[in-house]
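S.K.: sequence unknown, structure follows:
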């Protein structure tokens, strides 16, 4: 089988083996985004397919995206059910690894839903190692949201950077946060990214006015519209990471996020938090809400391929 770059003409073959993936969970996203992927293919993005030389049929697909000068993100790793068990996924994944390494990446990461046993097994089989896990918090947008703790809002990106680097969450997440360019991807959080967020979206830190100690921080990555299960448009606001020092600070941070999300007209929010008992239970007690299941991030060291 030949591993090659995907083309617009491959759309029907890709849709044919992905459109029925996870029907009980809303289906696969690939059929909805394939056309936009083809429009954005370039030096920083490459979509691969595995061609078995059968007309109108493909054996698999995966995509690599460079999210920094040394980080690659792997996604859409799918194998046609007709070819499962034939060890075709390594061919695709190794091609992605080589492509990323040739462009300077020293690490490649991917995300697998915790319920996706097949995806987890496949990722480990091609060399991905465990990295970290996270969950989504979902505070409800509210322009009037308030918390008991009297904390001062600070929008300086260096304050946010200090808070994140000192937080245990930084260690739990291996220094990662939502990527500011690629949706559903994580990359290393840097001061430069926070500086850009302060200019383009929002950075929110909460400081104790009594001892001047920063107790919580977050930053808005993006806001966008998408259809819900009923076909109605909803506006989402996504926050790259949420960290806090104590329960009162967590409540104050969720209130700040609720106000910020309301300011951009968001109907729903998504905030990345570490998957730990403390953070998840704080989110529950602080009425931040959270997703039913965590997501896992795995990574592959590409240093030897460069």
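M.R.: Yes, it's here. Note that this is a predicted model, so its numbers are computed, not measured.
S.K.: Figure out how far the strand or helix carrying residue 46 is from the centre of its chain.
M.R.: Assigned by DSSP states H and E, residue 46 belongs to strand 45-51. Offset of strand 45-51 from its chain centre (C-alpha atoms, centre = their mean, to the nearest Å): 21 Å.
S.K.: How about residues contacting it?
M.R.: 1-6, 10, 13-14, 37-38, 41, 58-66, 76, 83, 88, 91-92, 95-96, 99 (C-beta atoms under 8 Å, 6 or more residues apart in numbering). C-beta: built from backbone N, CA, C; applies to glycine.
S.K.: Please apply the same query to stretch 112-127.
M.R.: The contact list for stretch 112-127 (C-beta under 8 Å, 6+ apart) reads 77, 79, 89-90, 93-94, 97, 110, 133, 293-296, 298, 300.
S.K.: Among the residues you listed, give me the pair with the biggest separation.
M.R.: Farthest apart among these by C-beta to C-beta are 94 and 293. That separation is 29.4 Å.
S.K.: residues contacting the residue lying closest to residue 209 once chain neighbours are set aside?
M.R.: Nearest residue to residue 209 in three dimensions, chain neighbours excluded: residue 152, at 5.0 Å (C-beta to C-beta, 6 or more residues apart in numbering). By C-beta under 8 Å, 6+ apart, the contact set of residue 152 is 206, 207, 208, 209.
S.K.: Now render those as TSV, adding pLDDT, secondary structure and neighbour count.
M.R.: TSV is the format used below for the contacts of residue 152 (pLDDT from 0 to 100; DSSP: H, G, I helix; E, B strand; the rest coil; neighbours: other C-beta atoms under 10 Å):
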residue	pLDDT	secondary structure	neighbour count
206	98	strand	28
207	97	strand	19
208	94	strand	18
209	86	coil	9
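S.K.: Could you double-check that residue 296 sits in contact with residue 110?
M.R.: No - counting by C-beta atoms under 8 Å, residue 296 stays clear of residue 110, with 9.1 Å between them.
S.K.: sorry, back to before: which SSE is the residue nearest to residue 209 in?
M.R.: strand 151-154.
S.K.: Which helix or which strand is home to residue 12?
M.R.: Under the criterion of DSSP H and E, residue 12 resides in helix 11-18.
S.K.: Counting by contacts, list what that helix packs against.
M.R.: The contact analysis (3 or more C-beta pairs under 8 Å, 6 or more residues apart in numbering; DSSP states H and E) places helix 11-18 against helix 30-40.
S.K.: Next one: the residue nearest to residue 209 from residue 252, what distance?
M.R.: Using C-beta to C-beta, to the nearest Å, residue 152 is found at 10 Å from residue 252.
S.K.: shared neighbours, those two?
M.R.: Common neighbours of residue 152 and residue 252 (criterion: C-beta under 8 Å, 6+ apart): residue 206.
S.K.: and the angle from the strand holding residue 46 to helix 30-40?
M.R.: 120 degrees (axes from the mean of the first three to the mean of the last three C-alpha atoms, to 10 degrees).
S.K.: Show me what counts as buried in stretch 37-52.
M.R.: Buried residues in stretch 37-52, defined by neighbour count with 16 or more other C-beta atoms under 10 Å: 37, 46, 47, 48, 49, 50, 51.
S.K.: now do stretch 115-130
M.R.: The neighbour-count check on stretch 115-130 (16+ other C-beta under 10 Å) flags 116, 119, 120, 122, 123, 126, 127, 128 as buried.
S.K.: Out of those residues, which comes closest to residue 141?
M.R.: For the buried residues of stretch 115-130, the nearest to residue 141 is residue 116 (29.6 Å; C-beta to C-beta).
S.K.: From residue 28, how far off is the closest one?
M.R.: 12 Å.
S.K.: Between residue 296 and residue 110, which has more neighbouring residues?
M.R.: Between residue 296 and residue 110, residue 110 has the larger neighbour count (other C-beta atoms under 10 Å), namely 27 against 21.
S.K.: Pop the domain breakdown of the protein in here.
M.R.: 2-132+298-305, 139-290 (automatic domain parsing).
S.K.: Out of these, which one sits most buried?
M.R.: The highest mean neighbour count among the domains of the chain, using mean count of other C-beta atoms under 10 Å, belongs to domain 139-290: a mean of 19.
S.K.: Find the nearest non-adjacent residue to residue 302, please.
M.R.: Closest residue to residue 302 apart from its sequence neighbours, by C-beta to C-beta, 6+ apart: residue 101 at 4.5 Å.
S.K.: For residue 46, list each beta-bridge partner.
M.R.: residue 64 (DSSP bridges).
S.K.: for the one 4 residues further on, same thing?
M.R.: Partner residues in beta bridges with residue 50, using DSSP bridges, are residue 3, residue 60.
S.K.: And it, how far from residue 287?
M.R.: Residue 50 is 47 Å from residue 287, by C-beta to C-beta.
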